[in-house]
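**Q** Generate a structure from the sequence data that follows.
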Amino acid sequence: MTPTTRSRTALLKRLRTLTFLEAANIALIGWAVFVALGAPVSAANAAGFALVAGHLLIGSGYWALKARQLRTGARQPPLIGLFRPLRPLCALALVAGLVVLALAVPGRPPSTWAPGLALYGLAVAEYVNYFHRQLMHDTRADWRRLLRSRRPRRSHLAEDLRAHRGQHARS
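**A** Next up, the predicted model:
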């Protein structure tokens, strides 16, 4: 096995792991909040969970397409154009979620809205992480780049969407 094949194999394994973990995190977060912590399924808590679950599902789908791109040698991930309308839709969903949370707070016990607020914060982080800037730094290469540049890099999905837009405009 050549170093290129080995690194390609390692990258494919990493992409598959990311695909699985993002999807598994939906169930894990739901269990942690609603079962382990016993948070009630209120409008605010459900909205926060739905937002974070939606973003994790988008992330899982994106990593699956990146793995397929690597396996097939395609120039861009297949179906990448489907992610373009998701960016504004996710932003609108975050605004709607904030409205739900704001309406849920007055006069209600924190257990009915605080977990939802925490989940909302996680959903915002996932939105930024996928559609704007890479917030997750879990490899040495990620940390080296962050320390060298002193700022988060543009996210992989944002880069792919920008390349798709440029390629689509030229066609």
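**Q** Pull the number of nearby residues for Gly38.
**A** Neighbours of Gly38 under the rule other C-beta atoms under 10 Å: 9. Where you see a C-beta, it was placed from the backbone N, CA and C, and this is true even at glycine.
**Q** For it, give me the pLDDT.
**A** We have a pLDDT of 97 for Gly38.
**Q** And Arg144, by the same measure?
**A** pLDDT, Arg144: 66.
**Q** got the residue ranges for the helices in this structure?
**A** 3-30, 43-72, 86-104, 114-131, 140-149, 156-170 (DSSP state H).
**Q** With mean neighbour count and distance to Ile80 as extra columns, can I get those in JSON lines?
**A** JSON lines is the format used below for the helices of the chain (neighbours: other C-beta atoms under 10 Å; distance: least, C-beta to C-beta, whole Å):
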{"stretch": "helix 3-30", "mean neighbour count": "14", "distance to Ile80": "15"}
{"stretch": "helix 43-72", "mean neighbour count": "21", "distance to Ile80": "7"}
{"stretch": "helix 86-104", "mean neighbour count": "15", "distance to Ile80": "11"}
{"stretch": "helix 114-131", "mean neighbour count": "20", "distance to Ile80": "13"}
{"stretch": "helix 140-149", "mean neighbour count": "11", "distance to Ile80": "22"}
{"stretch": "helix 156-170", "mean neighbour count": "14", "distance to Ile80": "5"}
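**Q** Considering the ones you listed, which stretch scores lowest in mean pLDDT?
**A** helix 140-149 (a mean of 62).
**Q** so how far is Ala125 from Phe131?
**A** 11 Å (C-beta to C-beta, to the nearest Å).
**Q** scratch that, Ile26
**A** In terms of C-beta to C-beta, Ile26 sits 15 Å off from Ala125.
**Q** now Arg133
**A** From Arg133 to Ala125 the distance is 10 Å (C-beta to C-beta).
**Q** what do you get for Leu86?
**A** Leu86 is 16 Å from Ala125, by C-beta to C-beta.
**Q** so what's the nearest residue to Leu37 once chain neighbours are set aside up against?
**A** Nearest non-adjacent residue to Leu37, counting by C-beta to C-beta, 6 or more residues apart in numbering: Pro115, 6.6 Å away. Neighbouring residues of Pro115 by C-beta atoms under 8 Å, 6 or more residues apart in numbering: Val33, Leu37, Ala39, Asn45, Gly48.
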